[in-house]
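>>> quick one, what's the 3D model for this:
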Amino acid sequence: MASKRTPIDKFEATLNEILEDYKQGVDKNLNNAIQKIAKAGAKAVKGNAKSSFGGTGAYANSWQVRTDAEDRILKRKAIIHAGAPHYRLAHLLEFGHAKRGGGRVSGRPHIAPVEEMVIEQFEKEVLDL
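Okay, here's the model as predicted:
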């Protein structure tokens, strides 16, 4: 197989083109991994919340994935969060809270296990790129 020869005066431009192509491929794969894992994380939190708290499921169904407006071009940031008006409950349910008449309600961890799972999956996915 014959190799393609590049004149020395065009070497820098050719090398930059090759590196840019590689960077775009890595960015695309990284963005896909982030979105896929974030969606799986939101689904897992919904499942944990439904099994832990029951009820109408409004809190559990409020969990969603958001990509920040400033990072839409790169899409390198995905946030898993509880939507309105249930975002205030997440911390209280996860860590517990004081009762009005005294005493304390113990927390029911339903976010922390998913956080650990998402971190492990993301590290595994990035190493496989």
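>>> quick check: V105 is in a strand.
Yes: assessed by DSSP: H, G, I helix; E, B strand; the rest coil, V105 belongs to a strand.
>>> the residue nearest to the spatial centre of the chain: what's it in contact with?
Centroid-nearest residue in the chain, with Cα atoms, centre = their mean: A38, separated by 3.5 Å. Listed by Cβ atoms under 8 Å, 6 or more residues apart in numbering, the contact partners of A38 are V65, A78, I79, I80, V118. (C-beta placed from N, C-alpha, C; glycine too.)
>>> are we agreed that D21 is in a helix?
Yes: counting by three-state DSSP, D21 falls inside a helix.
>>> could you measure from it over to K36?
Distance, D21 to K36, using Cβ to Cβ, to the nearest Å: 23 Å.
>>> quick one, which of those two is more surrounded?
Taking other Cβ atoms under 10 Å, D21 and K36 do not tie; K36 has more neighbours (14 against 10).
>>> the contacts of A38, buried ones only, as a ChimeraX selection?
In ChimeraX syntax, the buried subset of the contacts of A38 is picked out as below (16 or more other Cβ atoms under 10 Å):
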select :65,78,80,118
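>>> please flag which of the contacts of A38 sit within strands.
Mapping those onto strands (DSSP state E) picks out V65, A78, I79, I80.
>>> bridged to the last one, which residues?
What it means is I80. V65 (DSSP bridges).
>>> give the contact list for it.
A38, G41, A42, V45, W63, Q64, V65, V114, V118.
>>> quick one: secondary structure of V26?
helix.
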